[in-house]
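Asker: Give me the fold of what follows.
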Amino acid sequence: MPLPAVPTVGLRARRLGVAAGLLASVGAGVVLALSLPPRPLGPAGGWWWGPVGAGMVFALGRDRPARWRGASGAASGLGLYGAGLWWATDFHAVGYVALVVVESLLLAGALTLAPPTRGRTPAVPLTLALVTVVRATVPFGGLPLAGLELGQVGGPFAEAARLGGPPLVVGLMAAAGVGVTELAAVVRRRLRAPRPRAPLALRRLAPAVVAVATAVAGATAGSLGPDGRPVGTVAVAAVQGGGPRGLRAVDVDPGATFEAHLAASALVPAGTELVLWPEDVVDVDRPVDATREGQRASALARDLDASLVAGVVEETPGGSGFRNAAVAWGPDGRLLDRTEKVHRVPFGEYIPLRGLLEGLVDLGAVPRDAVVGEGPGVLDTAAGPVAVTISFEVFFPELARTGVRRGGEVLLVPTNASSYRTAQVPAQEVAAARLRALETGRWVVQAAPTGYSAVIDHRGRVRRRGPLGAPAVLAAEVGRRRGDTAFSATGQAPWTIVAGLGLAVSWLRGRKVESLTISLIA
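Answerer: Down below sits the predicted model:
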């Protein structure tokens, strides 16, 4: 019996439709990436691309099966993280590809969980909020760079950071985009069919209105939320020694970096009370107080009559590892306090599974692993207690929150982004520092050897910013503050729980078991 003919034209059309849909999904991810620093589309910033991209992701998965939602989410991830994590190509092309694939699969899995029809309007914002939390945890302790919350700095939804941190910022941003997209779909349906079925219109209109209203209310509440109280000021100077960019740490002369910062410190104005040097500008092979570099740093503090906080890297006994610390000298030159980096950079400061990988790839760029530090992330200085997050740690809100809860009146961020050729990572670091300022209600002072150094007020506004590559000293009168924001009091755990429960309820609605939900609540 002959087999029936295959409708090749229809099959070809379906394949073209799938390809076009996946290409549109990649485009949605690229639109999301356009909101991220350094925002090449103009000085006004591009936070609005975030809601637009979220709306596109929402629309592309509506009324589609789980397999399609997963594929569309993966394609969106390729667009978002392919652009947002481009900095990783400075280190290893294969590593960059692997990183983008892993992050894209994470987004794909999450968007598969968002129901396709009923309940989808709240589910997509909740899903993106949960992705933000998960990315700060896995893989290898988390990689929040290219996080959607970074793209909202300077926009209205960033204000919500003082209430709920990154997940709330992302959730509100996505709610605005999803709500507007759904409202536009209802209007188009109305124009095409002047008398649509009322239940269908209401079922789609009501969640859209609620989503937009929630976004507006959340942004407004964030702008009005508590942000601590002032207790005085302190004269601070962030020192940036300058130098070439795009060089790996093993290719940089630590002595030249140290001398550059000593030279730049001559520009620190009289009356400065606290001087911040960047991460890893004092690189020594034993405890810093027993080295010539430590003695010269001590002498500088005496000469300036100021507290000096400097990034110090110390080799451990035997040279098998190193400690990454922020060390404080007092105006009298005495070494007062130190805190060590607790959140290391995977494949930058340590190699996960080093024993397995060292026989497969060249690990010469990271010949030794950083030791996990201890301590609360606070330094007691003559200028007052200061919270400290070292470099990569600025991307993790809970670390800044811990330092502030332990008494930090100002947040210091000694960092080092000189290994990157482009402005992408330095700009994302500044964005993260602005979010930490909003979350904690503290001024933030960031120092980087080749930029960006910055002074940021407690409302997340950049007061001073240094250039890339050139030496600079950013001097400012910085507010000392105490007290809590809602976020510093509770952290992001309550919002994570709310997002998880909300997603579960959305699924129940999608499965048309609202009566079961009501009976359980009752």
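Asker: Could you count how many residues lie near residue 30?
Answerer: 19 (other Cβ atoms under 10 Å). (Each C-beta comes from the backbone N, C-alpha and C, glycine too.)
Asker: who touches it in this structure?
Answerer: Applying Cβ atoms under 8 Å, 6 or more residues apart in numbering, we find residue 30 in contact with 53, 79-80, 83.
Asker: shaky segments in this structure?
Answerer: 1-13, 15, 40-45, 193-202, 351, 353-367, 510-522 (pLDDT under 70).
Asker: mind giving me the domain split of this structure?
Answerer: Following automatic domain parsing, one finds the domains of the chain at 9-225+492-521, 230-489.
Asker: tell me the SS of residue 314?
Answerer: strand (DSSP: H, G, I helix; E, B strand; the rest coil).
Asker: Actually, residue 173.
Answerer: helix.
Asker: Isn't it up against residue 148?
Answerer: Yes. Residue 173 is within contact range of residue 148, at 6.8 Å (criterion: Cβ atoms under 8 Å).
Asker: what touches both of those two?
Answerer: Shared contacts of residue 173 and residue 148, defined by Cβ under 8 Å, 6+ apart, are found at 50, 54.
Asker: Neighbour count for the two, which is higher?
Answerer: Just comparing residue 173 and residue 148: by other Cβ under 10 Å the higher neighbour count belongs to residue 173, 33 against 27.
Asker: OK, contacts around the more buried one?
Answerer: Contacts of residue 173 by Cβ under 8 Å, 6+ apart are 47, 50-51, 54, 125, 148, 152, 155, 157, 215.
Asker: Buried subset of the residues you listed as a ChimeraX selection?
Answerer: A single ChimeraX command selects the buried members of the contacts of residue 173 (16 or more other Cβ atoms under 10 Å):
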select :47,50,51,54,125,148,152,155,157,215
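Asker: distance between the ends of stretch 215-231?
Answerer: The first residue of stretch 215-231 is 33 Å away from its last residue (Cα to Cα, to the nearest Å).
Asker: What lies in contact with it?
Answerer: Identification of contacts with stretch 215-231 by Cβ under 8 Å, 6+ apart yields 156-163, 168, 171-173, 175-176, 179, 409, 438, 440-442, 458-459, 479-486, 488.
Asker: Counting only helices, which of those make the cut?
Answerer: When DSSP state H is applied, these are split such that 161-163, 168, 171-173, 175-176, 179, 438, 440, 486, 488 fall in helices.
Asker: Name the nearest of those relative to residue 332.
Answerer: Distances from residue 332 to these, taken as Cβ to Cβ, are shortest for residue 440 (29.9 Å).
Asker: Is it correct that that closest one is in contact with residue 400?
Answerer: Yes. Under the criterion of Cβ under 8 Å, residue 440 makes contact with residue 400 at 5.6 Å.
Asker: Mutual contacts of the two, please.
Answerer: 387, 411.
Asker: what's the neighbour count on residue 104?
Answerer: Neighbours of residue 104 under the rule other Cβ under 10 Å: 21.
Asker: so what's it up against?
Answerer: Counted by Cβ under 8 Å, 6+ apart, residue 104 has contacts 73-78, 80-81.
Asker: Please name the nearest non-neighbouring residue to it.
Answerer: Distance criterion Cβ to Cβ, 6 or more residues apart in numbering; nearest residue to residue 104, sequence neighbours excluded, is residue 77 at 2.9 Å.
Asker: what's the answer for residue 85, then?
Answerer: residue 146 (5.2 Å).
Asker: So that neighbour: helix, strand or coil?
Answerer: What three-state DSSP gives for residue 146 is coil.
Asker: Now it, what are its backbone angles?
Answerer: Phi and psi for residue 146, reported as degrees, to the nearest 10, are phi 70, psi 20.
Asker: The residue nearest to residue 104 is in what secondary structure piece?
Answerer: Per DSSP states H and E: residue 77 is located in helix 66-84.
Asker: picking up where we left off before, which of the contacts of residue 30 has the most neighbours?
Answerer: That'd be residue 80 among the contacts of residue 30, by other Cβ under 10 Å, with 29 neighbours.
Asker: can you pull the contacts of that residue?
Answerer: 29-30, 32-33, 53, 104, 107, 146 are the contacts of residue 80 under Cβ under 8 Å, 6+ apart.
Asker: do that again at 7 Å, thanks
Answerer: Residues near residue 80 by Cβ atoms under 7 Å, 6 or more residues apart in numbering: 29, 32-33, 146.
Asker: Burial check on the residue nearest to it when sequence neighbours are not counted, number of neighbours?
Answerer: In space, and not counting its chain neighbours, residue 80 is closest to residue 29: 3.7 Å by Cβ to Cβ, 6+ apart. Using other Cβ under 10 Å, residue 29 is surrounded by 27 other residues.
Asker: Over to residue 250?
Answerer: Neighbourhood size, residue 250 [other Cβ under 10 Å]: 9.
Asker: Ok, residue 186 next?
Answerer: Counted with other Cβ under 10 Å, residue 186 comes out at 18.
Asker: just checking, it touches residue 207?
Answerer: No. The criterion here is Cβ atoms under 7 Å, and residue 186 misses it with residue 207 at 10.3 Å.
Asker: that older thread, give me the buried positions along the host helix or strand of the residue nearest to residue 80.
Answerer: Taking DSSP H and E as the definition, residue 29 sits inside helix 8-33. Buried residues in helix 8-33, defined by neighbour count with 16+ other Cβ under 10 Å: 21-22, 24-33.
Asker: Same question for stretch 212-226.
Answerer: 212, 214-216, 218-219, 221-222, 225.
Asker: Next: stretch 107-127.
Answerer: 107-116, 118-127.
Asker: still on that earlier bit, mind checking which of the contacts of stretch 215-231 are buried?
Answerer: Buried among those (16+ other Cβ under 10 Å): 156-163, 168, 171-173, 175-176, 179, 409, 438, 440-442, 458, 479-482, 484-486, 488.
Asker: Enumerate every residue touching residue 239.
Answerer: Residue 239 makes contact with 261, 264-265, 268, 275-277, 447, 473 under the criterion Cβ under 7 Å, 6+ apart.
Asker: For those residues, give me TSV that also has neighbour count.
Answerer: As requested, the contacts of residue 239 are arranged in TSV below (neighbours: other Cβ atoms under 10 Å):
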residue	neighbour count
261	25
264	20
265	23
268	21
275	27
276	27
277	29
447	34
473	21
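Asker: Which one of those is nearest to residue 94?
Answerer: Using Cβ to Cβ, residue 447 comes nearest to residue 94 of the contacts of residue 239, at 32.9 Å.
Asker: For the closest one, give me its contacts.
Answerer: The contact partners of residue 447, by Cβ under 7 Å, 6+ apart, come to 238-240, 276-278, 414, 453.
Asker: what does residue 307 give?
Answerer: Per Cβ under 7 Å, 6+ apart, neighbours of residue 307: 273-274, 301, 328-331, 381-383.
Asker: give me the beta-bridge partners of it?
Answerer: Beta-bridge partners recorded for residue 307 (DSSP bridges): residue 274.
Asker: And it, how far from residue 330?
Answerer: Distance from residue 307 to residue 330, counting by Cβ to Cβ, to the nearest Å: 6 Å.
Asker: list the residues that contact both of these two?
Answerer: By Cβ under 7 Å, 6+ apart, the residues touching both residue 307 and residue 330 are 301, 382.
Asker: returning to that earlier point: and which of the contacts of residue 30 is nearest residue 315?
Answerer: Checking the contacts of residue 30 against residue 315 by Cβ to Cβ gives residue 83 as the nearest, at 37.4 Å.
Asker: Just to check, the closest one is in contact with residue 34?
Answerer: No. Using Cβ under 7 Å, residue 83 is not in contact with residue 34, being 8.1 Å away.
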